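[1] No letters, just coordinates:
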């Protein structure tokens with residue numbers, strides 16, 4: 001089995017912190033998610049996560065005007081320069097101080113970066129040339145007395161505006177200009193959060209945190225006479241926009257106020273061509289104002305918490321908002337007053353996940369009591385169930401995939417209908433208990449749940465909702481449950497009493513077999529054929545039992561494999577810490593040859609368990625984010641101050657600038673959530689609470705601190721040549737194609753595995769030769785060919801051509817595909833999905849144009865009737 005699973009996407013989290021921004025074409029939105037960047041395609045309704053990682057959580061991102069280069073800066077000021085189209089890191093750089101804003105000039109030649117109270121402008125590195133020191137400093141600009149908050153370039157890239165906490169904005173020129181002195185825009189009573197040029201350069205707008213908007217224009221001659229700042233004479237005839245902006249003597253023209261009590265301005269954005277100012281407030285309210293008249297166009301409350309980031313699309317139609325506290329990402333079309341995108345992750349930790357039987361849907365349950373359903377291909381959540389009132393501990397699909405079950409600490413097990421999106425059944429126990437484990441039998445008729453306080457297992461009928469049976473015998477909380485997938489009516493339960501019990505739940509004998517393990521049972525999983533049972537215990541062992549004979553067949557010592565990093569407050573080294581040396585989640589791969597396991601550490605490990613082996617195949621590190629606890633193997637001595645205290649443990653929230661950030665709103669006692677909320681400061685830990693394999697075997701997912709991480713066997717990302725030789729080049733493939741040898745050219749293109757080349761050869765095959773080429777394609781390339789045709793069908797207008805290919809492949813190789821349906825399942829599912837989408841789009845198009853089609857048919861009948869009558873008249877005349 002292949003083990004080269006690569007990180008593919010993050011689903012469960014859409015926004016964490018930092019700024020959101022649109023791509024220059026306005027079709028996509030970039031959002032920082034922890035130390036990664038996610039890209040949301042708003043037109044095609046898809047999301048992807050770029051493969052690179054910053055050292056810590058990202059604080060600012062900026063995209064060049066041609067969308068070629070992305071720069072992402074973390075909390076410490078360490079930056080990555082990335083080729084945005086390929087997602088490849090080009091350069092690393094350290095700005096040495098936290099960065100509040102970074103901005104590319106409109107001509108993409110310079111990058112302006114805030115550097116405490118200074119501003120640095122750097123030459124943009126050439127992403128096509130390999131250089132040892134690519135970042136070259138152009139100039140450093142001084143003048144502010146406190147931290148600089150934002151930078152805004154003029155349209156000609158010759159000057160820029162900066163705002164600061166010192167309650168002023170300043171105008172700087174990129175290069176020295178004779179007679180120019182940096183202009184200061186003073187008069188605000190709070191920190192200035194944004195300053196913007198108008199489209200014609202004759203106005204400047206400044207917005208302060210207390211809700212004041214000032215309009216600045218050139219001073220008139222009367223104001224010039226009264227102005228004390230007349231040491232620099234104005235130029236007689238300013239030539240060009242740049243000189244006009246630089247040499248203008250700016251003065252306050254108008255003052256406007258939002259007049260919202262107990263509300264601060266958090267984020268602003270400005271669209272010059274339409275003169276629209278977007279403002280996000282600390283109460284979750286946002287507004288749209290037209291300047292310079294300060295006309296309120298639109299106001300709406302979109303969140304219960306403050307809006308952290310605001311962006312406006314290049315066309316001015318869409319507004320994007322990020323709310324850090326709730327993890328919300330919203331795109332609002334203000335003219336039609338409708339949501340283009342509305343996504344939110346789990347508020348606290350994600351506890352559990354489950355794949356649908358077709359592998360196209362993932363459901364997650366979290367500490368916030370919500371059950372969310374995600375589409376794998378798009379990465380979006382399309383339904384959220386909020387009926388639970390306590391953390392959701394386990395979720396499971398029925399075999400048909402249209403019914404979803406969830407177990408919660410609120411004492412209920414709920415069944416949800418994924419066709420009508422409703423909670424159609426709620427199962428409860430006779431006396432209130434908390435449910436921590438859930439299992440559904442293969443027929444989908446019986447659901448079982450294990451309790452943490454009564455140590456019992458409850459079985460209900462899904463059809464009637466009645467309690468069928470209560471299984472007793474465990475002497476400690478039931479931690480995990482699983483039905484045998486082969487349909488042998490066996491239920492396996494694991495408990496903290498160091499036993500695994502296998503129950504014959506539907507037999508008359510009610511037989512129960514007990515397997516003893518060396519420590520508390522944390523997780524168990526049946527092999528897909530139901531013959532073997534894997535059990536993970538607290539001492540880091542994975543024990544394997546033969547279900548039929550009841551004997552132990554193998555044991556894996558996984559303590560050293562799963563052992564994670566050292567946490568900030570740990571007193572012992574990572575190698576000696578027992579807290580992370582156990583697996584809390586197990587799952588078999590789709591073919592049963594390997595097992596995937598995760599726990600309270602940064603690693604997810606895969607073992608080969610065929611024929612009694614227990615070989616470690618691969619270790620996946622779920623995160624390299626140093627903002628999380630447990631990602632470093634050794635503590636950094638540079639973070640220990642003179643008093644011997646780690647600076648990460650010092651609570652600095654009292655130094656925050658906003659009152660709501662300084663207030664301690666925690667209550668006495670412990671709340672189960674993301675860390676211990678009863679202490680003033682806590683850090684999230686890098687850990688995996690649940691791992692599950694896709695039924696297709698092409699991907700697996702992990703519910704981690706960072707979100708829902710998906711790893712897949714996606715050959716399109718990596719260069720994976722098949723049977724490569726030295727004389728095989730794109731030029732040789734095109735030469736073979738030019739000679740009319742279509743089969744040979746197609747095989748060579750698949751051997752190179754370059755998508756553009758495969759598409760060119762594929763589309764060059766004449767329609768009349770498709771059957772012949774498809775019949776002679778070697779079977780080793782069948783899966784790749786089917787996968788390619790399915791992807792081509794979704795994006796290409798050549799619909800009939802793709803359908804001819806699909807029919808020819810299935811007719812020629814149908815028997816071979818049927819005999820190896822498990823091996824070709826992913827490719828066949830992709831083809832089935834593409835055909836379903838095509839059928840849906842064509843049927844909906846025909847239904848919308850039924851009357852037009854009927855009219856055309858009637859017209860054709862009338863035309864044919866006239867032609868027949870004319871032919872009849874001619875024949876009579878001849879006779």
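    Perfect, thanks for sending it. The shown structure was predicted, so the numbers you read here are calculated from the model rather than taken from an experiment.

[2] Residue 363 belongs to a helix, doesn't it?
    No: Residue 363: not assigned to a helix; according to DSSP: H, G, I helix; E, B strand; the rest coil it is strand.

[3] so what's it bridging to?
    When bridges are called by DSSP bridges, residue 363 pairs up with residue 354, residue 373.

[4] So for it, what's the pLDDT?
    We have a pLDDT of 95 for residue 363.

[5] Next, count neighbours for it.
    By other CB atoms under 10 Å, 25 other residues sit near residue 363. The way it works is simple: take the backbone N, C-alpha and C, and place the C-beta from them, glycine included.

[6] just residue 342 next, same as before
    Using other CB under 10 Å, the number of residues around residue 342 comes to 15.

[7] What's opposite it in the beta bridge?
    residue 330.

[8] same question, residue 385
    Beta-bridge partners for residue 385, by DSSP bridges, are residue 371.

[9] secondary structure element for the residue lying closest to residue 496 once chain neighbours are set aside?
    Distances taken as CB to CB, 6 or more residues apart in numbering place residue 476 nearest to residue 496, at 3.7 Å, with adjacent residues excluded. Under the criterion DSSP states H and E, no helix or strand holds residue 476.

[10] And for residue 207, the neighbour number?
    Using other CB under 10 Å: residue 207 sits among 27 other residues.

[11] Any idea how far apart the tips of stretch 485-500 sit?
    17 Å (CA to CA, to the nearest Å).

[12] Can you point out the buried residues in that stretch?
    485, 488-500 (16 or more other CB atoms under 10 Å).

[13] could you dump those to CSV with distance to residue 848?
    Shown next, in CSV, are those (distance: CB to CB, whole Å):
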residue, distance to residue 848
485, 44
488, 51
489, 50
490, 52
491, 50
492, 52
493, 54
494, 54
495, 58
496, 59
497, 62
498, 64
499, 62
500, 57
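
[14] quick check, nearest of those to residue 257?
    Nearest to residue 257 among the buried residues of stretch 485-500 is residue 496, at 61.3 Å by CB to CB.

[15] Residue 479 is in contact with that closest one, correct?
    Yes: using CB atoms under 8 Å, residue 496 is in contact with residue 479, at 6.1 Å.

[16] Which neighbours do those two have in common?
    520, 521 (CB atoms under 8 Å, 6 or more residues apart in numbering).

[17] Tally up the residues packed near the nearest residue to residue 183 once chain neighbours are set aside, please.
    Leaving aside its sequence neighbours, residue 183 sits nearest to residue 171 (CB to CB, 6+ apart; 4.1 Å). Number of residues near residue 171 (other CB under 10 Å) recorded here: 23.

[18] Who does residue 171 form a beta bridge with?
    residue 161, residue 183.

[19] for the stretch 301-450 of the chain, which spans come out with low pLDDT?
    Scanning the stretch 301-450 of the chain for pLDDT under 70 picks out no residues.

[20] mind running it again at 80?
    The stretch 301-450 of the chain contains residues with pLDDT under 80 at 348, 401.

[21] any idea how far residue 10 is from residue 39?
    Per CB to CB, to the nearest Å, residue 10 is found 11 Å from residue 39.

[22] for residue 98, same thing?
    Distance of residue 98 to residue 39, given as CB to CB: 25 Å.

[23] for the longest helix that the chain contains, packing partners?
    When the chain is parsed with DSSP state H, its longest helix is helix 850-878. Applying 3 or more CB pairs under 8 Å, 6 or more residues apart in numbering; DSSP states H and E, one finds that helix 850-878 makes contact with no other helix or strand.

[24] what is the mean pLDDT for it?
    For helix 850-878, the mean per-residue pLDDT is 78.

[25] what distance separates it from the centre of its chain?
    Counting by CA atoms, centre = their mean, to the nearest Å, helix 850-878 is centred 58 Å from the centre of its parent chain.

[26] can you check stretch 36-45 too?
    8 Å.

[27] which residues in the stretch 351-500 of the chain form strands?
    Taking DSSP state E, counting those that start in this stretch as the criterion, the stretch 351-500 of the chain carries its strands at 361-366, 371-375, 381-385, 392-397, 403-408, 412-417, 422-428, 435-440, 446-451, 457-461, 467-471, 478-483, 490-495, 499-504.

[28] The stretch 101-250 of the chain now?
    In the stretch 101-250 of the chain, strands defined by DSSP E, counting those that start in this stretch lie at 102-104, 110-115, 118-123, 136-141, 148-153, 159-164, 169-173, 183-185, 192-197, 204-208, 212-218, 250-257, listed in chain order.

[29] In a markdown table: those strands, plus mean pLDDT and distance to residue 791.
    As requested, the strands of the stretch 101-250 of the chain are exported to a markdown table (pLDDT from 0 to 100; distance: least, CB to CB, whole Å):
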| stretch | mean pLDDT | distance to residue 791 |
| --- | --- | --- |
| strand 102-104 | 96 | 33 |
| strand 110-115 | 95 | 36 |
| strand 118-123 | 95 | 40 |
| strand 136-141 | 94 | 42 |
| strand 148-153 | 95 | 40 |
| strand 159-164 | 95 | 44 |
| strand 169-173 | 95 | 49 |
| strand 183-185 | 93 | 53 |
| strand 192-197 | 95 | 43 |
| strand 204-208 | 95 | 46 |
| strand 212-218 | 94 | 49 |
| strand 250-257 | 93 | 52 |
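
[30] Residue 694 is nearest to which of these?
    strand 102-104 (38.1 Å).

[31] what packs against that closest one?
    The helices and strands touching strand 102-104, judged by 3+ CB pairs under 8 Å, 6+ apart, are strand 58-63, strand 69-74, strand 110-115, strand 148-153.

[32] what residues are up against the closest residue in space to residue 477 that isn't next to it in sequence?
    Distance criterion CB to CB, 6+ apart; nearest residue to residue 477, sequence neighbours excluded, is residue 452 at 4.1 Å. Contacts for residue 452 were tallied using CB under 8 Å, 6+ apart; they are 409, 433, 434, 435, 436, 477, 478.

[33] Need phi/psi at residue 452.
    With angles defined as degrees, to the nearest 10, residue 452 sits at phi -90, psi -20.

[34] again, but for residue 562
    Per degrees, to the nearest 10, the backbone of residue 562 is at phi -90, psi -10.

[35] was I right about it contacting residue 606?
    No: with contact defined as CB under 8 Å, residue 562 does not count as touching residue 606 (11.7 Å).

[36] Give me the more crowded residue out of those two.
    A count of neighbours by other CB under 10 Å puts residue 562 above the other of residue 562 and residue 606, at 25 against 22.

[37] Would you quantify the distance from the more buried one to residue 595?
    13 Å.

[38] start to end distance for stretch 491-503?
    End-to-end distance of stretch 491-503 (CA to CA): 5 Å.

[39] Could you list the low-pLDDT ranges of the stretch 151-300 of the chain?
    220-243.

[40] So which residues of it form helices?
    Here the stretch 151-300 of the chain has its helices, by DSSP state H, counting those that start in this stretch, at 221-226, 240-247.

[41] ok, back up a step: pLDDT wise, what is the residue nearest to residue 477 at?
    Taking residue 452 on its own, its pLDDT is 92.

[42] Ok, residue 589 next?
    Looking at residue 589, the pLDDT reads 89.

[43] isn't residue 186 right next to residue 167, touching?
    Yes: between residue 186 and residue 167 there is a contact under CB under 8 Å: 7.1 Å.

[44] which one of those two has more residues nearby?
    With neighbours defined as other CB under 10 Å, residue 186 and residue 167 compare such that residue 167 has more, 19 against 13.

[45] Quick check: the more buried one vs residue 574, distance?
    In terms of CB to CB, residue 167 sits 47 Å off from residue 574.

[46] and what of residue 440?
    38 Å.

[47] Could you check which of those two has the larger neighbour count?
    Using other CB under 10 Å as the criterion, residue 440 and residue 574 rank with residue 440 on top: 23 against 20.
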